[in-house]
Each structure stands twice: as C-alpha cells, then as structure tokens.
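>>> just the structure for this:
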Amino acid sequence: ETPLLVVHVDVAAAMTGVSLFGQRAAGPNCSFVKAGYEEEHSATNDFSRFTHLLSETKAVEGFHIVAIAPGHPRLDWRRGRIATEDGIYVLERIGFGNDNN
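Next up, the predicted model:
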C-alpha cells in the first residue's frame, strides 16, 4: 500500500529532529524520505514523487508554502525578547488533495 503522504526532508529540516520525532506522530499513512543529500545543491533534484517537502528553501517549482516553522533564534536586546526568522518551510504539491492552487 502506497502512503498517502510522501514527505521529503532536506538536511536543514532533518537537523531539527523532525524525521525522528515527527515520524512517530505522523501515523502509518505518512512516509518520510531523507535521500539525495549529496545532490542537495543541484538543480536536478526531482521532487515529482513527493506530496510534501520540509525544506529551508521556500520556492520549489510545483509546490506552495502551507506552513513556516521559526528558526535561527537570537536575543533581541532592544526589544527584550527572543527573535526568530523563517527556518523550515512546509511545502505541498500544487493540486494535492482538494487544493486548486
């Protein structure tokens, strides 16, 4: 049986532990793939078999952003808080499910 969701996890996302801890909560209809790291910066990456991507790259042809996880925390002394930037993007294949984007 083919999983409903096939998720590619890039190097930056894998370093957060998402594949270890997220996989436990995702259930049986989700498959995480951490492959192709050697070609991570190559323009020949083929994401056609994936329904979702967890990536530090926000623009991937054929996918759109559905969520953003904050990252890169730093102390903002002027505002007295921890500041973050966009860290990992959750991208979904355009047309996946009932999506018409």
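>>> make it CA atoms for all contacts and neighbour counts henceforth
Will do.
>>> can you give me the strands in the protein?
Taking DSSP state E as the criterion, the chain carries its strands at 5-9, 30-33, 52-55, 63-76, 81-93.
>>> same for the helix or strand of the chain with the lowest mean pLDDT, what does it pack against?
Across the helices and strands of the chain, mean confidence by mean pLDDT, DSSP states H and E is lowest for helix 23-26: a mean of 73. If contacts are counted by 3 or more Cα pairs under 8 Å, 6 or more residues apart in numbering; DSSP states H and E, helix 23-26 sits against strand 30-33.
>>> weakest of the strands of the chain by average pLDDT?
Among these, strand 30-33 carries the lowest mean pLDDT, at a mean of 86.
>>> tell me the buried residues in that strand?
Buried residues in strand 30-33, defined by neighbour count with 16 or more other Cα atoms under 10 Å: 30-32.
>>> how distant is stretch 76-95 from the center of its chain?
Its chain's C-alpha centre and that of stretch 76-95 lie 13 Å apart, by Cα atoms, centre = their mean, to the nearest Å.
>>> list the buried ones in that stretch?
87-94.
>>> need the contact list for the closest residue to Ile65 other than its chain neighbours.
The shortest distance from Ile65 to any residue that is not its chain neighbour, by Cα to Cα, 6 or more residues apart in numbering, is 4.4 Å, and that residue is Leu91. Leu91 sits next to 52-55, 58, 63-67 when contact means Cα atoms under 8 Å, 6 or more residues apart in numbering.
>>> again, only this time at 7 Å
For Leu91, the contacting residues are 52-54, 63-66, taking Cα atoms under 7 Å, 6 or more residues apart in numbering as the criterion.
>>> need the strands of the chain in CSV (columns: distance to Met15).
Compiled in CSV, the strands of the chain are given as follows (distance: least, Cα to Cα, whole Å):
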stretch, distance to Met15
strand 5-9, 10
strand 30-33, 14
strand 52-55, 11
strand 63-76, 12
strand 81-93, 11
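>>> quick check, nearest of the contacts of Leu91 to Asn45?
Checking the contacts of Leu91 against Asn45 by Cα to Cα gives Leu53 as the nearest, at 12.1 Å.
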